[in-house]
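[1] sharing a model that was predicted from the sequence below.
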Amino acid sequence: MIKNKISTNDSEKDGQKSVLNRRLFLRSAGVATAVGTLALGACKDDDDTVTPTTPATGTVDLGSGDVGILNYAYALEQLEAAFYEQVVKTPYTGITAAETTILTDIRDHEVIHREFFKAALTAAAPTQIIPGLEVDFSKIDFTSRAAVLGAAKLFEDTGVAAYNGAGKFIKSADYLLLAGKIVSVEARHAAAISDLITPKTADFASDTQIDANGLDKATASATILAAVQPYVKTKLSGANLPK
């Protein structure tokens, strides 16, 4: 009996330590991103090939060149921030204190990312920034842990693949550097969510996230936009994004 009790306590301590470690790396990632915001806010856009957004037609065109890619990232960050804001506002049934802390940390990061791109685009291309998007989460059951974490995994994995797919088209070294910093944070989010779904397994970096070369997958913007469009009421067009 005493042996079993000791084993249980040790297990609880290990679990608490694991949660603490996840919180520490998530918080550290958020601080790094916030610092990066200051640098990008001072950048100016040199790309004259941008296509204006066209909300009057009911479709928002993300534009072209570097500004188009920034708008693309901004759209994805708007979606993620809105999702985690809803998750924290309406916790799923049975959510634990540790899960609440982790999801709240991720929400805070995504809000930083959203505001980061909004400020950068306002400074670099104020006439080209896309508007705030109207999201649609009606397909997600926010009372269900499985549904919420499943959607979180979809958004995080999609976000990482989107940044990786767009990175090779970024011309500005400043933008590329900061996009690299943000995608690394998104990858940490993806690992944390995977660990919540299947704790202490290798699924934090599964075949759905990593390619045969051991690298995070990179996905074209058209595929990414098609995957997230069901969760955004605003119609998005990436027709002029670099390909």
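    Noted; the coordinates are in hand.

[2] if I look at the residue nearest to residue 229 when sequence neighbours are not counted, how far off is residue 91?
    Leaving aside its sequence neighbours, residue 229 sits nearest to residue 236 (C-beta to C-beta, 6 or more residues apart in numbering; 6.4 Å). C-beta here means a position set from N, CA and C on the backbone, and glycine is covered the same way. According to C-beta to C-beta, to the nearest Å, residue 236 and residue 91 sit 29 Å apart.

[3] contacts only, for the residue lying closest to residue 217 once chain neighbours are set aside.
    In space, and not counting its chain neighbours, residue 217 is closest to residue 161: 4.8 Å by C-beta to C-beta, 6+ apart. By C-beta atoms under 8 Å, 6 or more residues apart in numbering, the contact set of residue 161 is 216, 217, 218, 219, 224.

[4] find the pair from the residues you listed with maximum spatial separation.
    Spatially, the most separated pair among the contacts of residue 161 is 216 and 224, at 13.6 Å (C-beta to C-beta).

[5] settle it for me: which of those two has more neighbours?
    Comparing residue 216 with residue 224 by other C-beta atoms under 10 Å, the one with more neighbours is residue 224, at 21 against 18.

[6] give me phi/psi at that one?
    phi -60, psi -50 (degrees, to the nearest 10).

[7] tell me where the chain has strands.
    Along the chain, counting by DSSP state E, strands occupy 59-61, 235-237.

[8] now those as TSV including distance to residue 81?
    TSV is the format used below for those (distance: least, C-beta to C-beta, whole Å):
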stretch	distance to residue 81
strand 59-61	17
strand 235-237	16
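
[9] for residue 87, find the nearest of those.
    For the strands of the chain, the distance to residue 87 is smallest for strand 235-237, at 22.4 Å, taking C-beta to C-beta.

[10] given that closest one, what are its sheet partners and their directions?
    Looking at strand 235-237 with DSSP bridges, its partner strands are strand 59-61 (parallel).

[11] tabulate the strands of the chain (TSV), appending mean pLDDT, mean neighbour count and distance to residue 155.
    Below are these laid out as TSV (pLDDT from 0 to 100; neighbours: other C-beta atoms under 10 Å; distance: least, C-beta to C-beta, whole Å):
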stretch	mean pLDDT	mean neighbour count	distance to residue 155
strand 59-61	94	18	19
strand 235-237	96	18	15
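
[12] these: which one's closest to residue 137?
    Per C-beta to C-beta, nearest to residue 137 of the strands of the chain: strand 235-237, 16.2 Å.

[13] contacts for that closest one next, please.
    For strand 235-237, using C-beta under 8 Å, 6+ apart, the contacting residues are 58, 59, 60, 61, 62, 75, 133, 225, 229.

[14] test my guess that residue 70 contacts residue 119.
    No - at 10.9 Å, residue 70 does not count as touching residue 119 under the criterion of C-beta atoms under 8 Å.

[15] who has more neighbours out of those two?
    Neighbours per residue (other C-beta under 10 Å) separate residue 70 from residue 119, with residue 70 holding more: 32 against 15.

[16] can you pull the pLDDT of the closest residue to that one other than its chain neighbours?
    Sequence neighbours aside, residue 121 is the residue nearest to residue 70 in space, at 5.5 Å (criterion: C-beta to C-beta, 6+ apart). Turning to residue 121, the model gives it a pLDDT of 93.

[17] ok, now the one 10 residues further on?
    The predicted local confidence for residue 131 comes out at a pLDDT of 95.
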